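Peer 1: make a model of this:
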Amino acid sequence: MIGPGHTLVVGASGFIGSAAVRALAEAGHPVRGLVRKPAEADDSYGTGRDRGGVELVAGSLDDAASLRAACEGVATVIHAASYVGSDPEQCVQVNVDGTRRLLEATASAGVAQVAYVSTTAVYGTGPHRGIAVDGVPHHPESPASASRLAAEKLVLGAGGAVVRPNIVHGPGDRWFAPHLVSLVLRLGGLIEGGTARISAISVADLGSLLAGLAVRGVPAGSVLHAAYREPITVRDLLAQLAPDPELMPWAGSVPFEEAVEFARPLGFTRHQISMVAWDHWYASEAIWPLAGQPG
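Peer 2: Down below sits the predicted model:
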């Protein structure tokens, strides 16, 4: 039976959720992870139902009974389960309806705190340069970001907190680095020379921030950007993340509009190209001391 002070991570097998679970476990904080199929979950926590102090339980955002059971005896919930695809119906079912079910379960169980992992994509296309939380109007440009903004409002209305990362990278990243590296190689150059500055954070450090917030607590109604204090250029980030930096076309520069036209048949949207062609960085100083991290 999970006891007082425990944290439940919803989406514990996902890219960000698994990092939060690891950070909590490494800090010696008791943690329960909600996953669809515990038997098939990442074995890095150990084996069996109790994996290295991490209790994995079956459940999902579309199963109210499993959410109620998972929330029993929990002090804090980190909600890191989101659908980020393009199906509008799925976006609503998972991100909005699922979040509503989770909040009903946390209220019923008397959970003290809920922290929801959202995205800076709720602001829409920039450029954005050092903006404070909600320093520009919300303008989500995809079903996923619109539904995550709706989920934010539900969480904040219930007295929870919201964490908005921008670019998250690291082991397990199937989206940002692999797709950007592939696109740059096909283009034969960096979009606008890779000079855009963006907010970014490794998944491990984001997991540590979420763990710190869970253990230390965060004021109700807080909205926090989650990134390193200083932005990084796309060029410098690619130098860190490219599997073979020597193969990257560092000398080439592709204009934004040309990149958009080239990338459209490959499934990239104009908004996605803008995210690495124009500045997108957000004031992120506040989260570090709240999480007890040096930053």
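
Peer 1: which residue ranges of the stretch 151-295 of the chain form strands?
Peer 2: Along the stretch 151-295 of the chain, counting by DSSP state E, counting those that start in this stretch, strands occupy 161-165, 167-169, 190-191, 197-198, 200-202, 223-226, 232-233, 253-254, 280-282.

Peer 1: tell me what the fourth one is packed against?
Peer 2: Contact partners of strand 197-198 among helices and strands, from 3 or more CB pairs under 8 Å, 6 or more residues apart in numbering; DSSP states H and E: strand 232-233, helix 234-241, strand 280-282. (C-beta placed from N, C-alpha, C; glycine too.)

Peer 1: could you redo the last one with a cut-off of 10 Å?
Peer 2: Applying 3 or more CB pairs under 10 Å, 6 or more residues apart in numbering; DSSP states H and E, one finds that strand 197-198 makes contact with strand 128-131, strand 232-233, helix 234-241, strand 280-282.

Peer 1: again with the third one
Peer 2: Counting contacts by 3+ CB pairs under 10 Å, 6+ apart, strand 190-191 is packed against helix 176-187, helix 234-241, strand 253-254, helix 256-263, helix 270-277.

Peer 1: ok, back up a step: looking at the helices and strands packed on strand 197-198, which is closest to residue 75?
Peer 2: strand 280-282 (28.9 Å; CB to CB).

Peer 1: need the residues that contact that closest one.
Peer 2: Here strand 280-282 makes contact (CB atoms under 10 Å, 6 or more residues apart in numbering) with 120-121, 123, 125-133, 135-136, 164-167, 196-200, 225-228, 230-232, 234, 274.

Peer 1: gap between it and the chain center?
Peer 2: 15 Å (CA atoms, centre = their mean, to the nearest Å).

Peer 1: what is the mean pLDDT for it?
Peer 2: The pLDDT scores in strand 280-282 average 98.

Peer 1: which of the residues in that strand are buried?
Peer 2: 280-282 (16 or more other CB atoms under 10 Å).

Peer 1: what of stretch 170-187?
Peer 2: 170, 173, 176-177, 179-181, 183-184, 187.

Peer 1: now residue 159: closest residue in space that isn't a chain neighbour?
Peer 2: residue 220 (4.3 Å; CB to CB, 6 or more residues apart in numbering).

Peer 1: quick one: contacts for the one you found?
Peer 2: Residue 220 neighbours (CB under 10 Å, 6+ apart): 112-114, 156, 158-161.

Peer 1: equivalent analysis for residue 87, please.
Peer 2: 93-94, 143-144.

Peer 1: distance of it from residue 93?
Peer 2: Distance of residue 87 to residue 93, given as CB to CB, to the nearest Å: 9 Å.

Peer 1: got it, and residue 228?
Peer 2: 34 Å.

Peer 1: what element comes up after the lowest-mean-pLDDT helix or strand in the chain heading to the C-terminus?
Peer 2: The weakest-scoring helix or strand in the chain, judged by mean pLDDT, DSSP states H and E, is strand 50-51 (a mean of 50). Scanning forward in sequence from strand 50-51 by DSSP states H and E, the next helix or strand is strand 54-58.

Peer 1: buried ones in the following helix or strand past that next one?
Peer 2: Next along the chain after strand 54-58, taking DSSP H and E as the criterion, comes helix 64-71. Neighbour counts using 16+ other CB under 10 Å place 64, 66-68, 70-71 of helix 64-71 among the buried residues.
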